[in-house]
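Peer 1: 3D model of this:
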Amino acid sequence: MPTFNDFVSTLKNDLLEFAKENFEEYKDELLKDGTYFLEKAKSDLERWTEGLVSGALSKEDFGFLLKGKKDLAEMEALKQLGLSKIRITKITNGIIDVVIGSAFKTFL
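Peer 2: Numbers count the residues shown, from 1 in each chain. The predicted structure is shown next:
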């Protein structure tokens, strides 16, 4: 059975791929901000991934809860580059989608 650490490992690899494929020029900042988001949401992610595995949460529930944490993704490193709010929002949404996909890949 996969562990939360397996999920974190998968997530970091998936974030790197996402950054390389979509935002190569901001890869380092994206990874920094994505890792910060993971740290801030860690306790919730642990609880929610357990719920996902046990069946207490559906895929839709998990996605809804995670999207509710979008405010934690402050994207400070990307903001310091002077990116537009629209661009940062697009990156943030992409990171949230990567987290969801990584959880499904790891646990389901």
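
Peer 1: The protein: helices as residue ranges?
Peer 2: With DSSP state H, the ranges of helices along the chain come out as 4-22, 27-54, 59-67, 76-80, 85-107.

Peer 1: Now the weakest link among these, please, by mean pLDDT.
Peer 2: In terms of average pLDDT, helix 76-80 trails the rest of those, at a mean of 81.

Peer 1: how far is that helix from where the chain is centred?
Peer 2: With C-alpha atoms, centre = their mean, to the nearest Å as the basis, helix 76-80 stands 17 Å off its chain's centre.

Peer 1: do the same with stretch 34-46
Peer 2: Centre-to-centre, stretch 34-46 and its host chain are 8 Å apart (C-alpha atoms, centre = their mean).

Peer 1: what sits against the residue nearest the centre of the chain?
Peer 2: Nearest to the geometric centre of the chain sits Val99, at 3.4 Å (C-alpha atoms, centre = their mean). Applying C-beta atoms under 8 Å, 6 or more residues apart in numbering to Val99 gives the contacts Leu11, Phe37, Leu38, Leu45, Leu66. Backbone N, C-alpha and C define where each C-beta goes, glycine included.

Peer 1: If I follow the layout properly, the third one ends up in contact with Leu45?
Peer 2: The one in question is Leu38. Yes. Between Leu38 and Leu45 there is a contact at 7.3 Å, judged by C-beta atoms under 8 Å.

Peer 1: Of these two, which one has the most company?
Peer 2: Using other C-beta atoms under 10 Å, the more surrounded residue of Leu38 and Leu45 is Leu45, with 23 against 19.

Peer 1: Next, work out how far apart the more buried one and Tyr36 are.
Peer 2: Distance, Leu45 to Tyr36, by C-beta to C-beta, to the nearest Å: 13 Å.

Peer 1: Great, nothing more from me.
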